[in-house]
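>>> With the sequence up front, the predicted model follows.
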Amino acid sequence: MSMFDDVVNKTKEIASAAGKKTEEVLKLAKLRLALSETTSKLEKAYAAMGRSVYTAKKENAEAMPDLTHQLESIDALLVKQEEIVDKMAQLRNCKKCAACGEENPETALYCQKCGEKF
């Protein structure tokens, strides 16, 4: 193999690695946007539920609105939020501690924050 072939092969390897890294960065950016949108929806859902409870309490202390739909909506948003955070951790080659939620390197045997064993 000539020196030129070596240079071409090395350039291809570098370009491929750069492409993979760019793809990873784009995926993380999309996940950050999705997380931001989900968090915003979650805050609005909490506020709507709080307004419902406040209004009901203000109008009649005995009557409470049916909060089942709002609770289900909030629970679904919390699940979605957790899924997004988990996907982000996977892209960054991290794992979350079940005890405290701290992100740790995939190779860690114990949590860096609380010491929980993985």
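Okay, I see it.
>>> Show me how far stretch 89-99 is from its chain's centre.
Centroid displacement of stretch 89-99 relative to its chain, using Cα atoms, centre = their mean, to the nearest Å, is 10 Å.
>>> Quick one: end-to-end distance for that stretch.
End-to-end span of stretch 89-99 (Cα to Cα, to the nearest Å): 16 Å.
>>> Residues in contact with that stretch: which ones?
With contact meaning Cβ atoms under 8 Å, 6 or more residues apart in numbering, stretch 89-99 is reached by 24, 27-28, 31, 85-86, 102-106, 108, 111, 113-114, 116, 118. Just so you know, the C-beta spots here come from the backbone N, C-alpha and C atoms, and that holds for glycine as well.
>>> list the contacts for the residue positioned nearest the centre of the chain?
The chain has residue 85 as the residue nearest its centroid, 1.9 Å off, counting by Cα atoms, centre = their mean. By Cβ under 8 Å, 6+ apart, the contact list for residue 85 reads 35, 96.
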